[in-house]
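Novice: Whatever this is, show me its structure:
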Amino acid sequence: MLTAQKLLERKGAQVYTIDAKSTVLEALRIMAERNVGALVVKDGETLIGIFSERDYARKVVLKDKFSRDTEVREIMTPNPILVTPDTEVRECMRLMTDHQVRHLPVVERGGLVGVISIGDVVKWIIEDQADSIQFLERYIIGR
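Specialist: Next up is the predicted model:
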């Protein structure tokens with residue numbers, strides 16, 4: 001079974017964070033520079049939330065707030081769903097679906113070790129299906 005740890009090894013464990021007191025504009029700049037859809041929000045060393053493009057669209061743009069004046073902590077999604085390195089990818093997929101989230105921070109011994117996105121999971125599903133198809137084709141042909 002593929003675990004969150006294996007997925008992080010494939011994609012890399014780079015995690016981008018932002019301080020809860022930073023402005024939304026700062027967060028958007030980081031997300032654009034790093035080409036990511038979300039940042040882990042920290043208060044000091046403590047993980048307290050996730051800030052995503054969805055948070056921006058729904059809680060800033062639609063509520064007529066200003067990115068320069070709004071702190072990330074005001075609009076982030078607090079208390080994100082967390083997984084461990086041993087969590088199976090299928091369980092990650094279930095959690096994302098059930099809770100309608102696109103990012104899962106991966107924590108171990110209280111520390112942040114990575115983030116799994118829905119894109120990472122979809123990529124794995126596609127690769128897994130391609131492997132299964134190849135196996136079945138070889139089986140049918142008799143190789």
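
Novice: got a list of what residue 59 touches?
Specialist: Listed by CB atoms under 8 Å, 6 or more residues apart in numbering, the contact set of residue 59 reads 65, 74-75. For glycine as for every other residue, the C-beta is placed from the backbone atoms N, C-alpha and C.

Novice: Excluding chain neighbours, give the residue nearest to the spatially most central residue of the chain in space.
Specialist: Geometric centre of the chain, nearest residue: residue 103, 2.5 Å, by CA atoms, centre = their mean. Once flanking residues are discounted, residue 103 sits nearest to residue 38: 4.5 Å by CB to CB, 6 or more residues apart in numbering.

Novice: Just the pLDDT for residue 136.
Specialist: The model reports residue 136 with a pLDDT of 65.

Novice: Assign a three-state SS to the residue nearest to residue 26 when sequence neighbours are not counted, would you?
Specialist: In this structure, residue 26 finds its nearest non-sequential neighbour in residue 18, 6.9 Å apart by CB to CB, 6+ apart. Of the three states, residue 18 takes strand under DSSP: H, G, I helix; E, B strand; the rest coil.

Novice: Now do the same contact list for residue 50.
Specialist: Going by CB under 8 Å, 6+ apart, residue 50 touches 38-41, 76-77, 80, 101, 103, 105.

Novice: Strands of the protein, residue ranges please.
Specialist: In the chain, the strands defined using DSSP state E lie at 17-19, 38-43, 46-52, 77-78, 103-108, 111-117.

Novice: Switch those over to TSV; also include mean pLDDT and distance to residue 58.
Specialist: Formatted as TSV, these follow (pLDDT from 0 to 100; distance: least, CB to CB, whole Å):
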stretch	mean pLDDT	distance to residue 58
strand 17-19	97	18
strand 38-43	96	14
strand 46-52	95	10
strand 77-78	96	10
strand 103-108	95	15
strand 111-117	93	18
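
Novice: between those, which gets nearest to residue 70?
Specialist: Among those, the nearest to residue 70 by CB to CB is strand 46-52 (10.8 Å).
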